[in-house]
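Asks: Turn this into a structure:
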Amino acid sequence: MKEDPFQQKFSNVLAGTERKRLHNKTAIKQFAFAKLYNLFLTTDSFYFIVNHRKPSVEYVSKEIEKVLGYKVQEFNWEFLSSGLHQNDRLWFLAIANAVIDFFAHLPLEKQMQYKVRYDIRYRKKNGLYTRLLYQGILLEQDAKGRIVRSFGLFTDIGYLKKEGNPVLSFIAVNDDPSFYDVVAHSLLADNREALTTREKQVLKLMIEGKPSKQIGSVLKISKQTVDTHRKNMLRKKHLHNTGELIGKAIRYGWL
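Replies: The predicted model follows:
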C-alpha cells in the first residue's frame, strides 16, 4: 500500500526535528526557561502592583506603553475604573464582588494560593478599546485576611476574543481544585434589575430592621401590601429569603 504523501512529510518533519533536538541538547540546556516565558509574555503584556489600602498603583511595567499606549505615570487607580468600556462596568462590579465572596469563604492560609483570571475591555490611548486578560494573585494581606497588595498582569487578547461577555476563573496554584468560567451572571442581573420607588422605600425600612406591620404603618400601607412588595423584590432578584435580599442590597447599593 502506497504511503500517504502527507504522512510521509509529517514523519520526515518529526524525524528531522528529533535529530536536531538530539544534536543540540547542550544549546537547549543553556537557554533558560525563564527566557522562553518572557518571550511569550512580554510582547503584549504588562504587569502592575496595586496597594488596596491607599488605594493606589504602586508600580507598573514599561510595557504598558506598547500594549495600551499610555505612559507609566498615566496608569493609576483612577484609570482602573475610568478606562473600562462602558458596557463592561457592571460586569466588572459583578466580577469584583464574586472575587470578594470567593476569598471570603477561603481559609486565610489558602487565599494566596489562588490566581484570579478574567477578561475585560479597556480604552487605549488612541481611543479604541481592546480586550485584556487579567491574571492576578495576592502578594500581601493583613492578619484578618484583608488584601494589602496584589500583583496583576494584563495581556491583550483583543485579536483572540472580539465578542462575548467577560469570563471569571479561580485557578489554584497547587493541588486545590480550580474553578473555571464562573461568570457572575446572577450578580450582573441583580445590579441591572431596577426596583420601584415604593420597593426601595420598603427595602430601606427592612434594612433598618422594621417588621412588615411597622413598615406598613410608616408608609401608610397594609401589612399585606408590604409582604407583596417583599415577594416581588425576591422574585426580581432571584433570591430565596429576606436575609439574602438585605445583604445584597447593602453590598450592591440598590438603594
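Asks: Strands of the stretch 101-250 of the chain, start to end?
Replies: Secondary structure of the stretch 101-250 of the chain (DSSP state E, counting those that start in this stretch): strands located at 114-123, 129-141, 147-156, 168-172.
Asks: would you turn the ones you listed into a markdown table with distance to residue 235?
Replies: In short, each C-beta sits where N, CA and C put it, glycine included. Formatted as a markdown table, the strands of the stretch 101-250 of the chain follow (distance: least, C-beta to C-beta, whole Å):
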| stretch | distance to residue 235 |
| --- | --- |
| strand 114-123 | 29 |
| strand 129-141 | 34 |
| strand 147-156 | 35 |
| strand 168-172 | 26 |
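Asks: export these to JSON lines and tack on mean pLDDT, mean neighbour count and distance to residue 101?
Replies: Output for the strands of the stretch 101-250 of the chain, formatted as JSON lines (pLDDT from 0 to 100; neighbours: other C-beta atoms under 10 Å; distance: least, C-beta to C-beta, whole Å):
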{"stretch": "strand 114-123", "mean pLDDT": "95", "mean neighbour count": "20", "distance to residue 101": "12"}
{"stretch": "strand 129-141", "mean pLDDT": "94", "mean neighbour count": "18", "distance to residue 101": "15"}
{"stretch": "strand 147-156", "mean pLDDT": "93", "mean neighbour count": "18", "distance to residue 101": "14"}
{"stretch": "strand 168-172", "mean pLDDT": "92", "mean neighbour count": "18", "distance to residue 101": "11"}
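Asks: do you know which of those lies nearest residue 55?
Replies: strand 147-156 (10.0 Å; C-beta to C-beta).
Asks: Adjacent strands (with direction) for the closest one?
Replies: strand 45-51 (antiparallel), strand 129-141 (antiparallel) (DSSP bridges).
Asks: now the ones you listed as CSV including distance to residue 115?
Replies: Below are the strands paired with strand 147-156 laid out as CSV (distance: least, C-beta to C-beta, whole Å):
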stretch, distance to residue 115
strand 45-51, 13
strand 129-141, 5
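Asks: Residue 172 and residue 182: what is the separation?
Replies: Shown here: residue 172 relative to residue 182, a distance of 13 Å by C-beta to C-beta, to the nearest Å.
Asks: And the pLDDT for the closest residue in space to residue 239 that isn't next to it in sequence?
Replies: Once flanking residues are discounted, residue 239 sits nearest to residue 245: 5.2 Å by C-beta to C-beta, 6 or more residues apart in numbering. Looking at residue 245, its pLDDT reads 90.
Asks: Next, residue 54: phi, psi?
Replies: phi -70, psi -50 (degrees, to the nearest 10).
Asks: give me every residue that touches the nearest residue to it once chain neighbours are set aside.
Replies: Spatial nearest neighbour of residue 54, excluding adjacent residues (C-beta to C-beta, 6+ apart): residue 77 at 7.8 Å. Contacts for residue 77 (C-beta atoms under 8 Å, 6 or more residues apart in numbering) come out as 50, 54, 55, 56, 57.
Asks: Before I go, just wanted to say thanks for your time.
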